[in-house]
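*Asks:* generate a structure from the sequence data that follows.
(one chain, ligands or ions: 1)
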Amino acid sequence: MPFFVAVLLLLAAAVAAPAQTVPPSRLTEAVVARPDVREALSFIDRNFDRQVAEWISLTEIPAPSGQEAKRGAYVKAELEKLGLTVATDSMGNLTARRRGTGGGPAIVFAAHLDTVFPVGNDITVKRRPDGTLHAPGVFDNTASVVNMLQAARAMDAAKIRTQGDVLFVATVQEEVGLKGMYYWFDQNPKTADLLVALDSALGPINYGALGIYWSRMKFTAAGAHTNNSRGQPSPARAAAQCITDIYTVPLPPADAPVSAVYNVGGLMTAGNVVNAIPAEVTFSVDLRTVDPELILSLDTQIVARCAAAAAAHKVGFAREWIQRSEAGGRPEQLTERRNHPLVQTSIDVLRYLGVELPRGREALATGSTDANVGVVRGIPSIAVGRARGGDQHTLQEWSDIESAKIGTKQIVLLAAALAGLQ
Ligand SMILES: [Zn+2]
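*Replies:* Predicted coordinates:
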């Protein structure tokens, strides 16, 4: 590159650098000692029974991906009660901006409204004497939505004034490939200086993005009755060949610093008849790794195996995308992210709230939440937990009740520490 071009590029980079840099803020003694912050935390303690009641009632509003409107309407109304203006975009994402006094970074808290459970599943919440709630969706992600609402109320009640804007975003269609969050970032490309996805179990913070490619491999031919099948192209044979060949695509060792996995699932035959060559056979492939180059290379190899099998058997082939979330980078590529005040502050916040984090694994360069969308766009992004619980995406899903207090206080402390207090 000629010298003057390099200088020009450097100048351009300097001009393009965001005016607002994120201060190296952490959770300090000064922040937690402030009367307004203490009041907000106390508000969460005092009003926890009401929060749990809301958690139960919100869980019982069905919200499968793409059908979040009713749940969204409730959340919108509650945020409006705090005097916030709530924008709804054409997909159904909600955005409420709590204005700061200026000079701090804009921090976006995002909780997805949708669940993986279709309408018709019994989503009645059962509260057990051991302090747990049981229902599909109660943990993933209704707990986070309610935590976010309650954190907004606590900040309001305690009259916390931040310097940066705090945005409360309720997203749609997270469970089907982070679609709502992708759309939100397309519509609001310069809004977020920091992104915190509220969506996981309390524990290590995720600051990376697991790349997930879901493909449908489709093999097609004219089909033929068995009596006329001799020598005819068979999509079934091509699919079988392809599946066998996919498993010859080499993977890094499972214990390598960065590995990958793939799996063939969902095998289907159109018509599903015994006495004919099927006209169409499909199967799905799930490929995952945090390494952006590796995911592309593995995907290319997998698709090439299928194309070769189709050619050998003289049948048509097409790869259709089911979902595609990009990979955020290998741990060593994300060292700067790991050292970012966003991650450091989150670790401090969880420790302050008494959450034990495994030494050396307080924050992980992976994640599979709305935060991924920020990670692949270069915006400092993390996913943090909501409560303790488990069995998400199953009918046995459950959550510990008491630990949702921690999930809620965490939001207030992150907002106060990162957006800066007036
Ligand atoms: Zn989730």
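*Asks:* what parts of the chain come near the ion?
*Replies:* Selection of the chain residues close to the ion by C-beta under 5 Å from the ion yields 140, 141, 199. Heads up, the C-betas are built off the backbone N, CA and C, glycines and all.
*Asks:* sec struct for the second one, please.
*Replies:* The one in question is residue 141. For residue 141, the secondary structure call by DSSP: H, G, I helix; E, B strand; the rest coil comes out as helix.
*Asks:* on that earlier part again, dump the residues of the chain next to the ion to JSON lines, plus pLDDT.
*Replies:* Formatted as JSON lines, those follow (pLDDT from 0 to 100):
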{"residue": "140", "pLDDT": "95"}
{"residue": "141", "pLDDT": "96"}
{"residue": "199", "pLDDT": "95"}
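*Asks:* now, which of those residues sits nearest residue 252?
*Replies:* Using C-beta to C-beta, the shortest approach to residue 252 within the residues of the chain next to the ion belongs to residue 199, at 27.7 Å.
*Asks:* hang on, the earlier thing: of the residues of the chain next to the ion, select the buried ones using a ChimeraX command.
*Replies:* The buried residues among those can be selected in ChimeraX (16 or more other C-beta atoms under 10 Å) with this line:
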select :140,141,199
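*Asks:* which one among the residues of the chain next to the ion gets closest to residue 129?
*Replies:* Top of the list for closeness to residue 129, among those and by C-beta to C-beta, is residue 140 at 23.3 Å.
*Asks:* quick one, what contacts the closest one?
*Replies:* Listed by C-beta atoms under 8 Å, 6 or more residues apart in numbering, the contact partners of residue 140 are 115, 116, 199, 392, 393, 397.
*Asks:* the third one and residue 383 touch, don't they?
*Replies:* It refers to residue 199. Yes - Residue 199 is in contact with residue 383 according to C-beta atoms under 8 Å; the separation is 5.6 Å.
*Asks:* and for those two, which residues touch both?
*Replies:* Listed as contacting both residue 199 and residue 383 by C-beta under 8 Å, 6+ apart are 369, 370, 371.
*Asks:* in helices, which of the residues you listed fall?
*Replies:* Residues of those located in helices (DSSP state H): residue 371.
*Asks:* hmm, back to that, tell me the one of the residues of the chain next to the ion nearest residue 51?
*Replies:* Of all the residues of the chain next to the ion, residue 51 sits closest to residue 141, with 15.4 Å by C-beta to C-beta.
*Asks:* I'd assumed residue 115 was in contact with that closest one.
*Replies:* Yes - the pair residue 141 / residue 115 is scored as a contact, 7.4 Å apart, by C-beta under 8 Å.
*Asks:* between these two, which contacts overlap?
*Replies:* Residues touching both residue 141 and residue 115 (C-beta under 8 Å, 6+ apart): none.
*Asks:* list the contacts of residue 286.
*Replies:* Counting by C-beta under 8 Å, 6+ apart, residue 286 makes contact with 212, 213, 214, 261, 262, 263, 265.
*Asks:* whichever of these end up buried, select them in PyMOL.
*Replies:* In PyMOL, a selection of the buried entries from the contacts of residue 286 looks like this (16+ other C-beta under 10 Å):
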select buried, resi 212+213+214+262
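*Asks:* contacting residues for the one residue in the stretch 301-422 of the chain that gets nearest to the ion?
*Replies:* Using C-beta to the ion, the point where the stretch 301-422 of the chain gets nearest to the ion is residue 369, with a distance of 6.3 Å. Counting by C-beta under 8 Å, 6+ apart, residue 369 touches 112, 174, 178, 197, 199, 200, 206, 383.
*Asks:* the fourth one: what secondary structure?
*Replies:* Which is residue 197. Under three-state DSSP, the three-state class of residue 197 is strand.
*Asks:* do residue 284 as well
*Replies:* Per three-state DSSP, residue 284 ends up strand.
*Asks:* for the closest residue to it other than its chain neighbours, which three-state class applies?
*Replies:* Leaving aside its chain neighbours, residue 284 sits nearest to residue 266 (4.0 Å; criterion: C-beta to C-beta, 6 or more residues apart in numbering). The assignment at residue 266 comes out as strand when based on three-state DSSP.
*Asks:* pLDDT at the residue nearest to residue 106 when sequence neighbours are not counted, what is it?
*Replies:* Of all residues not flanking residue 106 in the chain, residue 165 sits nearest, at 4.4 Å (C-beta to C-beta, 6+ apart). In this prediction, residue 165 carries a pLDDT score of 96.
*Asks:* wait, residue 165 touches residue 101, no?
*Replies:* No - using C-beta under 8 Å, residue 165 makes no contact with residue 101, being 9.6 Å away.
*Asks:* if I pick residue 94, what's in contact with it?
*Replies:* Residue 94 touches 72, 75, 76, 79, 86, 87, 88, 113, 168, 169, 170, counting by C-beta under 8 Å, 6+ apart.
*Asks:* show the residue spans covered by the strands in the stretch 101-250 of the chain.
*Replies:* 107-112, 126-128, 132-134, 166-171, 194-198, 205-206, 211-220, 224-225 (DSSP state E, counting those that start in this stretch).
*Asks:* go through those strands and find the least confident stretch.
*Replies:* Note on the strands of the stretch 101-250 of the chain: lowest mean pLDDT is at strand 224-225, with a mean of 88.
*Asks:* where does the protein have low pLDDT?
*Replies:* For the chain, the stretches with pLDDT under 70 are 1-25.
*Asks:* now do the phi/psi pair for the residue most central in space within the chain.
*Replies:* For the chain, residue 369 is the residue whose C-alpha lies nearest the centre (C-alpha atoms, centre = their mean; 1.2 Å). Here is the backbone geometry of residue 369 (degrees, to the nearest 10): phi -140, psi -180.
*Asks:* report the separation between it and residue 177.
*Replies:* Distance, residue 369 to residue 177, using C-beta to C-beta, to the nearest Å: 12 Å.
*Asks:* what do the two both touch?
*Replies:* Here residue 369 and residue 177 have no joint contacts, going by C-beta under 8 Å, 6+ apart.
*Asks:* name the nearest residue to the residue of the stretch 151-300 of the chain found nearest the ion, sequence neighbours excluded.
*Replies:* Closest residue of the stretch 151-300 of the chain to the ion, C-beta to the ion: residue 199 (4.3 Å). Once flanking residues are discounted, residue 199 sits nearest to residue 369: 4.3 Å by C-beta to C-beta, 6+ apart.
*Asks:* for the residue lying farthest from the centre of the chain, give me its contacts.
*Replies:* Distance from the C-alpha centroid of the chain, by C-alpha atoms, centre = their mean, peaks at residue 227 (51.0 Å). Contact criterion C-beta under 8 Å, 6+ apart gives no residues in contact with residue 227.
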